[in-house]
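Enquirer: below: sequence and its predicted model.
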Amino acid sequence: MRKSIFTQAGGDVTITDRLNESALFKAAIGGHVRCVQLLLQTNSQPDYINAENRKGVSVCAAAIEGNCVEILKALVAKGVRLLGNHLMTALEKTSIDMLECVIYLGAPLNETDLRKGSSPLIEAVRQNNTEAIESLLQYGADINKQTRDGHTALMTAIQRCHTDVIKTVDLLIKRGSNIGLVNIFGRNALMFAVALNLDSRHRLNREEIRMDYASLVKTVRKLVSMLLDEGIGVGRCDANGNYALDIANLGRNYPDEEVLKLLFVAGASASQQPPKGLNTLSECEVPPLQNACRDVIRDQLMLNNIDSNLFKIVPKLHLPVPLLSFLLYDTELSL
C-alpha cells in the first residue's frame, strides 16, 4: 500500500542524499526488512541495488553492517553478488551468524582484501576470533593462503601472540597448516616464534601482547616445542642468513636457555654458516628480497619519526633485518 501510494504520487526511489545514500541503503543499514522488500519490488535494476555511497559502502555491505540476514537474502535473490570484502565486513562488524550466512550465500572464502592484503581467515586470526576461524575452515577456507608479504595464518597467529595463541596454533596445525612455508623474507613459523622475545618489552608496554613477560616466555617455549614436534626444520635460514638459533640469540634481555636447548636438541648448530650472498642486508644477489626488506625498514623509520635521510645509510648497515628492526623499535636507542 505504501509503495503504491509513493509511486502513484511520482516518487523516485533512486534519489540519494548528499552522502549518495538512497532509501534502499538507509533501509538496509537500519534493518527495515519490509521497506527493503517494497523498494526492491519498485526497482531492482543492478545500478540501483549495487550502488555505493561516497565512502564506497554498497547496499549489500550496509545490510551486513545492519546484521539483518533477511535483507541480505532479499538482495542476493535480486541478483546482488557477494564479494570478498563483504566477508571482511561481516568478520569485522557483525555476529558469527551473519558471517556464516555471507559464506552460505556465496561470498568467496579465499579472496585477498585489497585494503588489508590478507584473506578472511588471516584476518580472523589477527582478531583472535576463534569461532570465525573454525567456521571459515569448516566451509573450506585455504589454511595456507598467504598475504602479499607471504604470511600465513599460522605465522600471523604466532606473531600476534594473543593469550590463547597455543589453542589457535594447535587448531591450525591439526587442520593441515603447512609449517614449512616461508614469507618473502625467508622466515618460517619457527623463526616467528623464537623472535617473540626480540622486541617483547616494547610490545608488552604497548599492550600488543596481552600477557605478562613470564607468560610470554612460557608461551614461546611451548610454541617452539610444538613446531619442532611437528617436524619443522632448524636448518633453514632467512633472506639475511639468520637461522632460528641466530634469531633466538638476539633476545631482548638475554637468550632463553630453554629455547636454545630445544633448538640444539633438534639439530641446530652454532657453527652453521649462511649461504653466500644472504648474510647482509646490502647483498645484491637477492634484489626482490632486499627491496622488500628496505621497504619495511623505511616504513619503520617513518613510523618512529626518524630523519628520512637516515635511509640513505641503511644499505651500508651490515646488520640482520631482525636486529635492525629491533634497534628501530627501541626508543631508548638512537641511530
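Expert: Everything's here; your move.

Enquirer: could you check how far Arg160 is from Leu24?
Expert: 38 Å (Cβ to Cβ, to the nearest Å). Quick note: C-beta positions are derived from backbone N, CA and C, even for glycine.

Enquirer: which one's more surrounded, these two?
Expert: Ranked by neighbour count (other Cβ atoms under 10 Å), Arg160 and Leu24 place Leu24 first, with 27 against 17.

Enquirer: so which bits of the helix or strand the more buried one falls within are buried?
Expert: Here Leu24, judged by DSSP states H and E, is contained in helix 23-30. Residues of helix 23-30 classed as buried: Ala23, Leu24, Phe25, Lys26, Ala27, Ala28, Ile29 (neighbour count, 16 or more other Cβ atoms under 10 Å).

Enquirer: got those as TSV, with pLDDT and distance to Val220 columns?
Expert: Shown next, in TSV, are the buried residues of helix 23-30 (pLDDT from 0 to 100; distance: Cβ to Cβ, whole Å):
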residue	pLDDT	distance to Val220
Ala23	90	55
Leu24	91	51
Phe25	91	48
Lys26	92	50
Ala27	91	51
Ala28	91	46
Ile29	89	44
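
Enquirer: now, which of the residues you listed sits nearest Gly140?
Expert: Of all those, the one with the least separation from Gly140 (Cβ to Cβ) is Ala28, at 28.0 Å.

Enquirer: what residues does the closest one make contact with?
Expert: By Cβ atoms under 8 Å, 6 or more residues apart in numbering, the contact set of Ala28 is Val36, Val59, Cys60, Ala62, Ala63, Gly66, Cys68, Ile71, Leu75.

Enquirer: tally of neighbours for the residue nearest to Val165 when sequence neighbours are not counted?
Expert: With Cβ to Cβ, 6 or more residues apart in numbering as the criterion, Val165 has its nearest non-adjacent residue at 5.8 Å, and that residue is Ala157. A count of nearby residues for Ala157, using other Cβ under 10 Å, gives 28.
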